[in-house]
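Peer 1: coordinates for the following, if possible.
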Amino acid sequence: MTQKDQQFDEAELKLLKEALKRTYKERFEVATMLYKVQQTLNKATIFHKPFFLTK
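Peer 2: Numbering: from 1, shown residues only. Below you'll find the model as predicted:
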């Protein structure tokens, strides 16, 4: 295993340990926020307006 892979694994484990320290309420609130953002982005429509130079 390379040093880069090893650092990545250590960082991943650190994040998992921190996540397990959170309460169920905190986890629920984060999940709810992410769900709302996902729903908003799924409904979004991108319109392109041509750019006109007016002199």
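
Peer 1: what's the spacing between Y35 and N42?
Peer 2: Y35 is 11 Å from N42, where distance means Cβ to Cβ, to the nearest Å. All C-beta spots, glycine's among them, are computed from the backbone N, C-alpha and C.

Peer 1: so between the two, which is more surrounded?
Peer 2: The neighbour comparison of Y35 against N42 (other Cβ atoms under 10 Å) goes to Y35, with 10 against 7.

Peer 1: now that one. Its backbone dihedrals?
Peer 2: Main-chain dihedrals, Y35, degrees, to the nearest 10: phi -60, psi -40.

Peer 1: for it, what are its contacts?
Peer 2: By Cβ atoms under 8 Å, 6 or more residues apart in numbering, the contact list for Y35 is empty.

Peer 1: what about the residue nearest to the spatial centre of the chain, distance to T40?
Peer 2: Centroid-nearest residue in the chain, with Cα atoms, centre = their mean: L34, separated by 7.4 Å. Counting by Cβ to Cβ, the separation of L34 from T40 is 11 Å.

Peer 1: what do you get for E12?
Peer 2: Taking Cβ to Cβ, one finds E12 at 29 Å from T40.

Peer 1: so is R22 in a helix, a strand, or just coil?
Peer 2: Under the three-state scheme (DSSP: H, G, I helix; E, B strand; the rest coil), R22 adopts coil.

Peer 1: report the separation between it and V30.
Peer 2: Distance of R22 to V30, computed by Cβ to Cβ: 8 Å.
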